[in-house]
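K.L.:
pasting a predicted model and its sequence here:
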Amino acid sequence: RSQAAERVVPSVCPYCGVGCQVDFRVRDDAIVEVTGRDGPSNLGRLCVKGRFGFDYVRHPERLTVPLVRREGAAKEPGDCVDLGQARGKFREASWEEAMARAAEGLRRVRDTRGPDALAGFGSAKGSNEEAYLFQKLVRTGFGTNNVDHCTRLCHAASVAALLEGIGSGAVTAPFTAAMEAEVIVVIGARPTENHPVAATFLKEAAARGAKLVVMDPRGTGLDRHATEVVRFAPGRDVPLLNAMLHVIIMEGLHDRQYVAAHLEDFEQLRSHVAALTPEAMAPICDVPAEQIRRVARLFARADRAMILWGMGISQSTHGTDNTRCLIALALLCGHVGRPGTGLHPLRGQNNVQGASDAGLIPMAFPDYHPTGEDAARARLEALWGARLDPRPGLTVVEIMGAMERGEIAGMYVMGENPAMSDPDLVHARAALAKLDHLVVQDLFLTETAALADVVLPASAWPEKDGTATNTNRQVQMGRAALPLPGQARQDLDIIVDLARRLGLDWSYTHPREVFAEMALAMPSLDHITWDRLLREDSVTYPCLGPDQPGQAIVFGDAFPTVTGRARLVPANLLDPAEMPDADFPFVLTTGRELEHWHTGAMTRRAGVLDALQPGPTASLAPEVLRRLGVAPGGRLRLSTRRGAVELSARADPDLPEGLVFMPFAYREAAANLLTNPQLDPFGKIPEFKYCAVRVEAV
Ligand code: SF4
């Protein structure tokens, strides 16, 4: 089929944070094939989503005309399930009418209820330039810092702990650094499903002799490549990791020179873990004490070791504590700042790193300057010519709570789908339905758009020019391969149009201009320019010069903290927020599958991917299914204190008895009807990985 292509357009895969470089092969304004390019994070490799995940772009349900809610058409949470019913409540409108209505509603809320009655959810699936402009619009046009995106549901806890411990929320080394590691620890992550091309590097490292340690409550696709597989009880990361810290410190395996030269609060950590022996922690985390000692010694005695983690660590009410333990493990042994070492939270969305860097978070401006930091705020006020609020805004889940209480009455949502992605959806959907004014900008009539007042048809990734920053801190150039369908517009143009209608004097006409302004606002982008990215496709930040490739490994000499030292922060042993009991005896954990992306808006409209995973399933250990009298494929009802769903059963020998897994991509059995909205107190991330559930045969 590649022979048939008329054009080949180099770009980046829009799915996971690996950021594989791709060639879109285009004929008759359609993508006929996608092949891998020799990018720094993929070396020509792609997974099934990167290869076959693009026909959603021309799906018949694609929005091509603006929609406005019909007069008197009620917003009902049930519209999130029956999108056909929801569609009937809208009528087509001109861009002029839709934009005027969008702006008028937001302006009315701002002017009558105050700026804090507004909020915006931007997107980690768009470009850096869109993320930057979106947060600038909310801060200067709405007048509030109530702006956030899916990072709050993803690595917020990791970032909170990393900022506190080492002064930077980004990775200290790319995942490809694992190729030089002696020991690689992968914990709370399933890279073969969620970061498949990164997984190929980890497998390759293991094949070359690196010792791979895989730690997870569930079996994973990496287990057969592992030297050690540590299956621990769900929600018991902190006891397990504290026991490892105990072994390292009490056996004197830590790097004393490194600790003395680079770390603070060692004695505090030592006394905290003194009583947390492997023998004391083993019954809690369900790992034999001898294995805890063995893994701790393996990690500490290695000359070069690396830790990679995912949502299993962060999506927890103790996600920040989990990450604090991982940071302490790496720092104690001096496993940061050298080849083959590092701390690497594997980023989920293709641009969650870049969107966070660009300031799409409520507590900090671009480059993570807290909103209360006077000097940084003054610099931005001068650059933007606007007054900025020093108070941090509300996070995603806090915004939903404020909507439910009626404190937030107007929302602008671009490329996010909180009616599927937020925890405790019964409440989240009711809160969205209660808004006075909701503007949604997206590709499809999503579950969130179903509750909107105005729906704006936007641009898909293969239709736009823009940069994105992957999990490795590589800023990469995406290029438009396809024209926009119908009347759909570039996301960037829609943001600018809305800003002007809200009174901002904006004149951006191309993402290049936005990137140039970002470079002024964000020293992290020093020496990275639009033209350079057009030439080189990928540059790592921080970058020390126009002819330098960027620093893949950081913090060899000092940390970007006030003292230049990193902090060791003890983590307390805490139960998950909702423990199983007689009524809800199982533990539910949620996540992604290889074939489907997040809330399914794109991949469930991609033919090959939908054929591979056509419907929702709940996975349980085969023995548990037998006891329930349900064969694989039979029907199950899952209930929690928040809701219930029915779906097919899947037998999965990788699951321990007592644990149930559900993907969250399926509208017809939305996993987040069940999940617990309880938040980690630091990262404000909900507990998607643990709640009590009842399982019954239907
Ligand atoms: Fe796309 Fe991630 Fe797959 Fe690479 S690994 S092709 S970035 S989904």
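P.N.:
That came through, no problem. Numbering: from 1, shown residues only.
K.L.:
burial measure for V698, as a count.
P.N.:
Other residues lying near V698 total 11 when counted by other Cβ atoms under 10 Å. Where C-beta positions appear, they are placed from N, C-alpha and C, glycine not excepted.
K.L.:
quick check: closest non-adjacent residue to it.
P.N.:
Once flanking residues are discounted, V698 sits nearest to R635: 3.9 Å by Cβ to Cβ, 6 or more residues apart in numbering.
K.L.:
from the ligand, how far off is the one you found?
P.N.:
As judged by Cβ to the nearest ligand atom, to the nearest Å, R635 and the ligand stand 31 Å apart.
K.L.:
which parts of the stretch 201-350 of the chain are strands?
P.N.:
211-215, 228-230, 263-264, 305-309, 342-345 (DSSP state E, counting those that start in this stretch).
K.L.:
export those to a markdown table and append columns for mean neighbour count, distance to the ligand and mean pLDDT.
P.N.:
Putting the strands of the stretch 201-350 of the chain into a markdown table (neighbours: other Cβ atoms under 10 Å; distance: least, Cβ to the nearest ligand atom, whole Å; pLDDT from 0 to 100) gives the following:
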| stretch | mean neighbour count | distance to the ligand | mean pLDDT |
| --- | --- | --- | --- |
| strand 211-215 | 23 | 19 | 98 |
| strand 228-230 | 18 | 23 | 98 |
| strand 263-264 | 19 | 34 | 98 |
| strand 305-309 | 27 | 14 | 98 |
| strand 342-345 | 28 | 15 | 98 |
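K.L.:
how about the residues of the stretch 51-200 of the chain near the ligand?
P.N.:
Applying Cβ under 6 Å from any ligand atom, we find that the stretch 51-200 of the chain lies next to the ligand at 195-197.
K.L.:
residues in contact with the residue of the stretch 501-650 of the chain found nearest the ligand?
P.N.:
Residue of the stretch 501-650 of the chain nearest the ligand, by Cβ to the nearest ligand atom: W597 (7.8 Å). Taking Cβ atoms under 8 Å, 6 or more residues apart in numbering, we find W597 in contact with 15, 49, 53, 603, 665.
K.L.:
give me the subset of those residues lying in strands.
P.N.:
In strands, defined here by DSSP state E, there are no members of those.
K.L.:
in ChimeraX, how would I select the buried members of these?
P.N.:
In ChimeraX, a selection of the buried entries from the contacts of W597 looks like this (16 or more other Cβ atoms under 10 Å):
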select :15,49,53,603,665
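K.L.:
could I get the contacts of W597 as a markdown table with pLDDT?
P.N.:
What follows is the contacts of W597, written out as a markdown table (pLDDT from 0 to 100):
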| residue | pLDDT |
| --- | --- |
| Y15 | 96 |
| K49 | 97 |
| G53 | 97 |
| T603 | 96 |
| A665 | 96 |
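K.L.:
the nearest residue to P174 once chain neighbours are set aside: which element?
P.N.:
Nearest-residue entry for P174: N472, 3.6 Å, with adjacent residues in sequence omitted and distances by Cβ to Cβ, 6+ apart. Under DSSP states H and E, no helix or strand contains N472.
K.L.:
and the one 5 residues further on, by the same measure?
P.N.:
Secondary-structure assignment from DSSP H and E places M477 in strand 474-478.
K.L.:
ok, the residue in the stretch 351-500 of the chain that the ligand sits nearest to - how many residues close by?
P.N.:
Of all residues in the stretch 351-500 of the chain, N470 sits closest to the ligand, at 7.6 Å by Cβ to the nearest ligand atom. Counted by other Cβ under 10 Å, the residues lying close to N470 total 33.
K.L.:
list the contacts of the spatially closest residue to it that is not a sequence neighbour.
P.N.:
The shortest distance from N470 to any non-neighbouring residue, by Cβ to Cβ, 6+ apart, is to G19 (2.6 Å). Listed by Cβ under 8 Å, 6+ apart, the contact set of G19 reads 12-13, 39, 41-42, 350, 468-472, 474, 476.
K.L.:
just to revisit the earlier point, pretty sure the residue nearest to V698 sits against S648.
P.N.:
Yes. At 6.5 Å, R635 counts as touching S648 under the criterion of Cβ atoms under 8 Å.
K.L.:
these two: which is more packed in?
P.N.:
The neighbour count for R635 versus S648, taken as other Cβ under 10 Å, is higher for S648 (16 against 13).
K.L.:
now the element after the longest helix along the chain, going C-ward?
P.N.:
Assignment by DSSP state H gives helix 95-113 as the longest helix of the chain. Where DSSP H and E defines the elements, the next helix or strand beyond helix 95-113 is strand 118-121.
K.L.:
packing partners of that following strand?
P.N.:
Counting contacts by 3 or more Cβ pairs under 8 Å, 6 or more residues apart in numbering; DSSP states H and E, strand 118-121 packs against helix 95-113, strand 147-148, helix 396-404, strand 410-414.
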